[in-house]
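Peer 1: What follows is a predicted structure for the sequence shown.
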Amino acid sequence: MTRMKATNARRKQRVRLALRRSANGRPRLSVFRSSKHIYAQVIDDLKGETLASASSLEKTMRDGGKTGANIDAAKAVGKLLAERAVKNGVTEVVFDRSGYLYHGRVKALADAARESGLSF
């Protein structure tokens with residue numbers, strides 16, 4: 001198990017390093033996916049602050065009857081995050097998949113964020 005954790009950590013670090021090189025000052029849209037929920041943040045790495053965030057744990061998401069373990073919830077989180085980011089004046093971001101494959105819930109979140117106004 002520790003070998004797999006080390007492999008995932010190296011992959012995550014490799015992805016983040018490539019993002020830093022190509023970001024050109026744009027904020028980073030970071031995704032964390034657990035077995036039960038999905039979380040996303042727009043982070044300004046230069047200032048070290050979070051500009052917008054959304055997750056499937058929020059009350060509005062739980063009232064809708066959506067769990068965070070499916071694609072529908074990931075789409076809702078992506079849409080909510082993009083709306084909050086655009087409201088804060090962020091339209092261009094760099095997508096940080098955090099070492100996850102660009103597939104399933106991660107892809108659904110990214111597509112929903114694009115449709116709601118973020119460009120990456």
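Peer 2: Looks like it arrived, so ask away. Residues are numbered from 1 along each chain as shown.
Peer 1: tell me which element A76 falls in.
Peer 2: Applying DSSP states H and E as the criterion places A76 in helix 71-87.
Peer 1: Provide the strand pairings for whichever helix or strand comes after that helix, with the direction of each partner.
Peer 2: Sequence order places strand 94-96 as the next helix or strand after helix 71-87, per DSSP H and E. Counting by DSSP bridges, the strands paired with strand 94-96 are strand 28-33 (parallel).
Peer 1: in the very next helix or strand once past the strand it pairs with, what's buried?
Peer 2: On the C-terminal side of strand 28-33, the closest following helix or strand by DSSP H and E is strand 38-44. Buried residues in strand 38-44, counted by 16 or more other Cβ atoms under 10 Å: 38-43. Where C-beta positions appear, they are placed from N, C-alpha and C, glycine not excepted.
Peer 1: Which other helices and strands does the worst-scoring helix or strand of the chain on mean pLDDT contact?
Peer 2: Each helix and strand of the chain was given a mean pLDDT (mean pLDDT, DSSP states H and E); the minimum falls on helix 59-63 at a mean of 82. Using 3 or more Cβ pairs under 8 Å, 6 or more residues apart in numbering; DSSP states H and E as the contact criterion, the elements in contact with helix 59-63 are helix 71-87.
Peer 1: re earlier: identify, from the buried residues of strand 38-44, the entry nearest to N88.
Peer 2: Of all the buried residues of strand 38-44, the one with the least separation from N88 (Cβ to Cβ) is V42, at 7.9 Å.
Peer 1: per-residue pLDDT, that closest one?
Peer 2: Listed pLDDT for V42 reads 97.
Peer 1: show me what contacts A113?
Peer 2: A113 makes contact with 29, 40, 78-79, 81-82, 120 under the criterion Cβ atoms under 8 Å, 6 or more residues apart in numbering.
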